[in-house]
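Engineer: here's my sequence, what's the structure:
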Amino acid sequence: MSHTVFGIRHHGPGSARSLQRALEELVPDAVLIEGPPEADALLELAAREDMAPPVALLTYVPDEPARAAFYPFARFSPEWRAIRHALDHDVPVRFMDLPAANKMAAHDDEPRRGLRADPLAALAEVAGHGDPERWWEDVVESRREGDAFEAVTEAMGALREAFAEDDPREERREAYMRQSIRAANKTAENVAVICGAWHAPALTDLGPAAPDQRTLKGLPKVKVAATWVPWTYGLLARASGYGAGVDSPAWYDQLFDEAGDPIARWLSRAAQLLRAEGLDASAAQVVDAARLAMSLAGIRDRPLAGLDELIDATRAVLCHGSDVPLALVRAELVVGHRLGEVPEDTPMVPLQQDVSRLQRRLRMRPEAQVKDITLDLRRENDRERSRLLHRLNLLEVPWGSPIESRGQGTFKEAFRLEWYPELALDLIHAGRWGTTVHAAAAAKVNARASEQESVGALATLADAVLLADLPDALEAVMRALADRAALDRDTADLMTAVPPLAGILRYGDVRGSDTSSVAQVLRGIVLRVAIGLPGAGVGADEPTGALLAEAVDGVNAALALLGDEELTRAWREALRRVAEGERLPGTLAGRATRLLHDAGELEPSAAMSRALSPGEDPERGASWIEGFIGTSGLVLVHDPELLAVLDTWIAGVQPDAFTNVLPLLRRAFSALPAGERRRLGERLRRHEGGRPPEVEGDYDPERAGPALETVARLLGG
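Structural biologist: Below you'll find the model as predicted:
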């Protein structure tokens, strides 16, 4: 009975090629691989034609899906090649790492630290290389023949001896691996052991079993489930935060296939990408870039041109020195956008199976790349796609994020799709709500409706439920909203409910949903807001007034959308009471005045004169101006009388108060577009002294000069 240990680099194509050759020569009758034993029953799926790496083993605690761990595999991962070799040759293959049940119970799945986190970096440093990735590529990944397993194991042994670290987690793992090897040796004559290079010295000589038995005795356990999930090259990259990741998955993918001549093929693919974007990248330039890459490798004393040389040559020759087109090459040929696939009969929770079925039926194949789609809600297939995406969002599985797109009207929706493997975990977590997307989304909505205490939050939830086309759940939310609104005395909270409810009524006709209950609740809320708005602002400070003014804008826009004369009349009467009220924040009163002016129901000059009268607090006057102007100052450009009132008020502010008023005025006018500020400045400068000609009365240009200069600066002049 014997075993042979192969210390590999996770996701290293050179290690993978060397391991394939070594296994062919060794002809093992059992293969053990570093990985969770709970996934042994899933290994046979790796031989299926519909299993396409990159994929990952997912282990999780069913009762707490957030406690999970991923074990990724690419087609160039040595472990994956070992699995395929065993399955292709009908050789027993098992995982031998400490079970996930023990790791998760003891929280041993935390990231590694210290030397164990990256032992190859230590070897590269000893070898005099500052870049571990480049050093490993030179000594292993670019090798065309032979292997370095014995040398790597010897080097790791020296590292472990020189930098001994006491890590109970690693001791437990290696103890279990040795026990797994001992068990395999009882039934197999020739066992191949594939593990991370760091562990190789600890598994070569097994030693007595008693110490390992003591190390593993009494370890806590939890119930764990396992499955395969699709993975992406983006998540396999080190930049994603994956501890065992590599810098260049797409490059390694090609290096695994074409170790003999990777340079010309990679550069040819880069040229194809650039040509597809309409850029000049000829065959002659590819030849020049290949020559440059090989010359750079010689200058840098490298055995073969590597990725650094290819990138430099691509930038210089194909991208003409620009990093902008080079970013496309990096994204496609260095990291890559490949998304793996798993067989349909892979063990899944029922909700996952329903999502997979819907994805196939609706022809919405998950992709790792970000993709924008536009759905026409007049088409049945697009309506179903919309339902699926909105329902998944309700389940907190954000595959598709709604995006605003101008000019599409109410019959279209736009989404930004991006599938990433963690969504599989989100689906597992959401599986507790139901076995289908429809049932799970409805159940979660009902639970959320009973927990929400804010009228605004319930209205937003109702809007999301309508988009998801869950009529029964919508009725439950509306009942909760009506009950909550009847008790809610917070006018600001009630106002936040108006825009989403108005949106529901707008989309109801498009989707064919019954929104009669929504209209009834909305009517009651608007009438209560109209009664309570003036009192809500009495005695409030300016920050609170600014928040109320923002909510007032939302209600005003929503009512304009609905076009209900009765509600609009009640609302404008409330705005009039606010505009004429006392002890109200200036921002709120100014905003109400502006909205009434825009509706053609109020001449603002008298209101501005009152708000900016000498007896009023200057700071409140500045806040009133900010509320009145909002995001458009054209009213001042086209109404000389208003501009004159403002001009006179600024000129009359006392010096001791002007210091406090100036920041408020600057904030008010800085929100205006630059063009409007310029037109205001020109309006003031057009006439002598800057005073509009429509205003009568004498003034002293010399005394007015400093004030006019200040106003001009405020207005962008």
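
Engineer: quick one: low-confidence parts of the stretch 351-500 of the chain?
Structural biologist: 405-410 (pLDDT under 70).

Engineer: hey, where'd the helices end up in it?
Structural biologist: Under the criterion DSSP state H, counting those that start in this stretch, helices of the stretch 351-500 of the chain are mapped to 380-394, 422-430, 437-451, 455-467, 471-487, 491-511.

Engineer: what's the first one packed up against?
Structural biologist: Contact analysis of helix 380-394 by 3 or more Cβ pairs under 8 Å, 6 or more residues apart in numbering; DSSP states H and E lists helix 350-361, strand 371-376, strand 400-403, helix 437-451, helix 455-467 as its packing neighbours. In this view, the C-beta of every residue, glycine as well, is placed from N, C-alpha and C.

Engineer: using JSON lines, lay out these together with distance to Ala105.
Structural biologist: As requested, the helices and strands packed on helix 380-394 are exported to JSON lines (distance: least, Cβ to Cβ, whole Å):
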{"stretch": "helix 350-361", "distance to Ala105": "25"}
{"stretch": "strand 371-376", "distance to Ala105": "40"}
{"stretch": "strand 400-403", "distance to Ala105": "36"}
{"stretch": "helix 437-451", "distance to Ala105": "29"}
{"stretch": "helix 455-467", "distance to Ala105": "37"}
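
Engineer: TSV please, covering the ones you listed and showing mean neighbour count and distance to Asp138.
Structural biologist: Shown next, in TSV, are the helices and strands packed on helix 380-394 (neighbours: other Cβ atoms under 10 Å; distance: least, Cβ to Cβ, whole Å):
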stretch	mean neighbour count	distance to Asp138
helix 350-361	17	43
strand 371-376	14	38
strand 400-403	16	43
helix 437-451	19	50
helix 455-467	24	54
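
Engineer: Leu339 is nearest to which of these?
Structural biologist: strand 371-376 (11.5 Å; Cβ to Cβ).

Engineer: so what touches the closest one?
Structural biologist: 382-383, 385-386, 400, 403, 405, 408, 411-418 (Cβ atoms under 8 Å, 6 or more residues apart in numbering).

Engineer: of these, which pair is most distant in space?
Structural biologist: Phe411 and Glu418 (24.7 Å).

Engineer: which of those two has more residues huddled nearby?
Structural biologist: Taking other Cβ atoms under 10 Å, Phe411 and Glu418 do not tie; Glu418 has more neighbours (17 against 13).

Engineer: go ahead and confirm the more buried one touches Trp399.
Structural biologist: Yes. Applying Cβ atoms under 8 Å, one finds Glu418 in contact with Trp399, separated by 7.4 Å.

Engineer: what residues does the helix or strand encompassing Leu596 touch?
Structural biologist: Using DSSP states H and E, Leu596 sits in helix 586-598. Residues outside helix 586-598 that contact it (Cβ under 8 Å, 6+ apart) are 537, 540, 542, 545-546, 548-549, 552-553, 556, 572, 575-576, 578-579, 581, 602-604, 607-608, 611, 619-630, 635.

Engineer: again, only using 7 Å
Structural biologist: Residues from elsewhere that reach helix 586-598, judged by Cβ atoms under 7 Å, 6 or more residues apart in numbering: 537, 542, 545-546, 548-549, 552, 556, 572, 575-576, 578-579, 581, 602, 604, 607, 611, 620-621, 623-628, 630, 635.

Engineer: returning to what we had before: and of the contacts of strand 371-376, the nearest to Leu43?
Structural biologist: Nearest to Leu43 among the contacts of strand 371-376, with distances taken as Cβ to Cβ, is Glu418, at 29.8 Å.

Engineer: between the helices and strands packed on helix 380-394, which one is closest to Tyr233.
Structural biologist: strand 371-376 (16.3 Å).

Engineer: got the angle for the closest one vs helix 380-394?
Structural biologist: 120 degrees (axes from the mean of the first three to the mean of the last three Cα atoms, to 10 degrees).

Engineer: ok, strand 371-376: who's next to it in the sheet?
Structural biologist: Its sheet considered, strand 371-376 pairs with strand 412-417 (antiparallel) by DSSP bridges.

Engineer: may I see the buried residues of the strand it pairs with?
Structural biologist: Neighbour-count burial for strand 412-417, counted by 16 or more other Cβ atoms under 10 Å, picks out 412-415, 417.

Engineer: repeat for stretch 607-622
Structural biologist: 607-608, 611-612, 618-622.

Engineer: not counting it itself, show me its contacts.
Structural biologist: 579, 586, 589-590, 593, 624, 642, 645, 649, 652-653, 657, 660-661, 664-665.

Engineer: could you do stretch 54-63 as well?
Structural biologist: With Cβ under 7 Å, 6+ apart, stretch 54-63 has contacts from 35-36, 38-39, 42, 67-74, 100, 104, 222-233, 236, 338, 340, 342, 421, 424-425, 428.

Engineer: mind checking which of those are buried?
Structural biologist: 35-36, 38-39, 42, 67-74, 100, 104, 222, 224-233, 236, 338, 340, 342, 421, 424-425, 428.

Engineer: what segments of the protein are strands?
Structural biologist: 2-8, 30-33, 55-61, 64-73, 93-95, 190-196, 225-230, 371-376, 400-403, 412-417 (DSSP state E).

Engineer: stretch 306-326 - what's its average pLDDT?
Structural biologist: Regarding stretch 306-326, the rounded mean pLDDT is 92.

Engineer: swap in stretch 607-627?
Structural biologist: 74.

Engineer: end to end on it, go ahead and measure it.
Structural biologist: End-to-end distance of stretch 607-627 (Cα to Cα, to the nearest Å): 13 Å.

Engineer: again with stretch 622-635
Structural biologist: From start residue to end residue, stretch 622-635 stretches across 17 Å - Cα to Cα.

Engineer: in CSV: the buried residues of strand 412-417, plus distance to Asp88.
Structural biologist: Converted to CSV, these look like this (distance: Cβ to Cβ, whole Å):
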residue, distance to Asp88
Lys412, 50
Glu413, 47
Ala414, 46
Phe415, 42
Leu417, 36
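
Engineer: separation between Ala47 and Ala30?
Structural biologist: 17 Å (Cβ to Cβ, to the nearest Å).

Engineer: brain fart, Ala122
Structural biologist: Distance from Ala122 to Ala30, by Cβ to Cβ: 32 Å.

Engineer: look at these two and report which has more neighbours.
Structural biologist: Ala30 (20 against 16).

Engineer: can you name the residues that contact the more buried one?
Structural biologist: Residues in contact with Ala30 (Cβ under 7 Å, 6+ apart) are 91-92, 184, 188, 191.

Engineer: just among these, which is most surrounded?
Structural biologist: In terms of neighbour count, Val191 stands highest of the contacts of Ala30 at 25 neighbours, by other Cβ under 10 Å.

Engineer: could you measure from that one over to Met156?
Structural biologist: Relative to Met156, Val191 is positioned 20 Å away (Cβ to Cβ).

Engineer: what's the burial count for the closest residue to Ala225 other than its chain neighbours?
Structural biologist: Nearest residue to Ala225 in three dimensions, chain neighbours excluded: Pro62, at 5.1 Å (Cβ to Cβ, 6 or more residues apart in numbering). Pro62 is flanked by 14 other residues according to other Cβ under 10 Å.

Engineer: same thing with Ala283?
Structural biologist: 9.

Engineer: now it. Nearest residue, chain neighbours left out?
Structural biologist: Ala271 (7.5 Å).

Engineer: contacting residues around the one you found?
Structural biologist: Contacts of Ala271 by Cβ under 7 Å, 6+ apart are 281, 285-286, 318.

Engineer: buried subset of these as a PyMOL selection?
Structural biologist: To isolate in PyMOL the members of the contacts of Ala271 that are buried, counting by 16+ other Cβ under 10 Å, one can use:
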select buried, resi 281+285+286+318
